[in-house]
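Novice: coords please:
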Amino acid sequence: MIDGIFEVLQNFRWPFDLLDILIVAFIIYRIILLIKGTRAVQMLLGLAIILSVYVASQVGGLYTLHWLLDNFLSSIILVIVVIFQNDIRRALMHVGRNPFFAGLSYREETEIIDELAKACVVMANRKIGALIVIERETGLKDFLEVGTEIDARVSSDLLTSIFLPYSPIHDGAVVVQQGRLKQAGCFLPLTQNPDISKALGTRHRAAIGLTEIVDAVAIVVSEETSKISIVVGGRITRDLDSTSLKRVLKRLLETRAPSKKK
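Specialist: Okay, here's the model as predicted:
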């Protein structure tokens with residue numbers, strides 16, 4: 001009797017095994033999406049090569065090389081944490097979600113994007129440099145240094161006046177949170193990526209540096225070239241016009257389509 005019950009319980013484990021496999025597969029899938037297009041991919045390839053050499057040294061009897069790699073790989077967890085600290089931090093931050101357009105109507109969403117695009121075009125035409133950071137799911141409080149509180153409606157006129165050269169808060173970034181201008185004159189962490197083009201100035205490097213850490217969207221207007229760029233995940237897209245900027249912002253900020261009346 002007891003043996004029969006035990007056998008039934010053993011046979012009943014397959015749903016849990018299937019759930020276990022699905023969870024692991026989902027985690028791997030999310031990790032691949034997170035590091036796709038970043039420097040982490042190159043680092044993973046480097047680790048894969050080291051592992052291949054480790055196995056080859058063991059099979060080929062290269063004892064000294066095998067001993068060196070064995071000691072290195074014994075601390076592989078610590079190495080991975082150090083190398084991928086920014087990616088791990090970003091993944092953990094995605095646990096808490098903070099939608100940009102929470103509580104706003106479709107009309108309000110569209111107006112905000114239109115005002116942002118209008119301000120960027122006006123400043124580009126007048127060769128006024130600007131850096132606008134839009135908070136998405138990850139809060140920016142821990143990454144902003146100094147700054148002046150504003151808490152105002154997103155307006156192209158206000159944005160343009162903030163970045164005028166004689167404005168006391170034109171240096172630094174303007175931060176948009178929950179559909180409102182929250183702070184101005186904020187200093188952002190600069191990127192440490194050595195592969196960044198030397199032609200990019202401080203604003204571009206600050207935009208890349210912040211978006212390497214968090215999921216924010218950064219818009220940069222260059223005062224030298226009058227070009228508008230958008231930065232997400234440490235990757236920069238340059239030379240945008242009003243139409244393409246609106247399109248990219250709508251996609252990144254997940255603007256909803258207006259509901260149809262029945």
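
Novice: where does the stretch 151-262 of the chain have low pLDDT?
Specialist: For the stretch 151-262 of the chain, the stretches flagged by pLDDT under 70 are 254-262.

Novice: which stretches of it form strands?
Specialist: 173-177, 180-186, 217-221, 228-232, 235-240 (DSSP state E, counting those that start in this stretch).

Novice: so which of those comes closest to L19?
Specialist: strand 228-232 (33.5 Å; Cβ to Cβ). No exception for glycine: its C-beta is placed from N, CA and C like everyone else's.

Novice: now do that closest one: distance to the chain's middle.
Specialist: Averaging C-alpha positions (Cα atoms, centre = their mean, to the nearest Å) puts strand 228-232 12 Å from its chain's average.

Novice: in JSON lines, list the strands of the stretch 151-262 of the chain along with distance to E137 and mean neighbour count.
Specialist: Below are the strands of the stretch 151-262 of the chain laid out as JSON lines (distance: least, Cβ to Cβ, whole Å; neighbours: other Cβ atoms under 10 Å):
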{"stretch": "strand 173-177", "distance to E137": "12", "mean neighbour count": "24"}
{"stretch": "strand 180-186", "distance to E137": "16", "mean neighbour count": "20"}
{"stretch": "strand 217-221", "distance to E137": "11", "mean neighbour count": "25"}
{"stretch": "strand 228-232", "distance to E137": "12", "mean neighbour count": "23"}
{"stretch": "strand 235-240", "distance to E137": "18", "mean neighbour count": "15"}
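
Novice: how much space between L245 and L62?
Specialist: Look at L245 and L62: by Cβ to Cβ, to the nearest Å, they are 56 Å apart.

Novice: show me which of these two is the more surrounded one.
Specialist: Taking neighbours as other Cβ atoms under 10 Å, L245 and L62 compare with L245 leading, 22 against 15.

Novice: which ones are touching K182?
Specialist: Contact analysis of K182 by Cβ atoms under 8 Å, 6 or more residues apart in numbering lists E149, I150, D151, V175, V176.

Novice: again with K250
Specialist: If a contact means Cβ under 8 Å, 6+ apart, then K250 has I113 as its contacts.

Novice: and it, how far from V122?
Specialist: For K250, the distance to V122 - Cβ to Cβ - is 20 Å.

Novice: now do L131
Specialist: Where V122 is concerned, L131 sits at a distance of 15 Å (Cβ to Cβ).

Novice: same drill for these two, tell me which one is more crowded.
Specialist: The neighbour count for L131 versus V122, taken as other Cβ under 10 Å, is higher for L131 (23 against 17).

Novice: now L69. Nearest residue, chain neighbours left out?
Specialist: Counting by Cβ to Cβ, 6 or more residues apart in numbering, Y54 is the residue found nearest to L69 once chain neighbours are left out, at 4.3 Å.

Novice: ok, that neighbour touching W67?
Specialist: No. Using Cβ atoms under 8 Å as the test, Y54 is too far from W67 to be in contact (10.5 Å).

Novice: who has more neighbours out of those two?
Specialist: The residue with more neighbours, out of Y54 and W67, is Y54; 18 against 11, by other Cβ under 10 Å.

Novice: run through the residues that contact G234.
Specialist: Neighbour list for G234: T38, T191, N193, I208, T211, E212 [criterion: Cβ under 8 Å, 6+ apart].

Novice: for D171, list the residues it contacts.
Specialist: For D171, the contacting residues are G185, by Cβ under 8 Å, 6+ apart.

Novice: please disregard the earlier target; I meant Q58.
Specialist: H66.

Novice: per-residue pLDDT, it?
Specialist: Turning to Q58, the model gives it a pLDDT of 81.

Novice: how far does the helix or strand hosting it sit from its chain's centre?
Specialist: Per DSSP states H and E, Q58 falls inside helix 39-60. When C-alpha coordinates are averaged (Cα atoms, centre = their mean), helix 39-60 and its chain have centres 27 Å apart.

Novice: using PDB, list the CA coordinates for whichever helix or strand comes after that helix.
Specialist: Sequence order places helix 63-73 as the next helix or strand after helix 39-60, per DSSP H and E. Extracted C-alpha coordinates of helix 63-73, given in PDB (Å, rounded to 0.1, in the frame of the first residue of the first chain):
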ATOM      1  CA  TYR A  63      49.000  20.400 -16.800                       C
ATOM      2  CA  THR A  64      50.400  23.900 -16.200                       C
ATOM      3  CA  LEU A  65      47.800  25.600 -18.300                       C
ATOM      4  CA  HIS A  66      45.100  23.500 -16.800                       C
ATOM      5  CA  TRP A  67      46.300  24.400 -13.300                       C
ATOM      6  CA  LEU A  68      46.200  28.100 -14.000                       C
ATOM      7  CA  LEU A  69      42.800  28.000 -15.600                       C
ATOM      8  CA  ASP A  70      41.500  25.800 -12.800                       C
ATOM      9  CA  ASN A  71      42.500  28.400 -10.200                       C
ATOM     10  CA  PHE A  72      41.000  31.200 -12.300                       C
ATOM     11  CA  LEU A  73      37.700  29.400 -12.800                       C
END
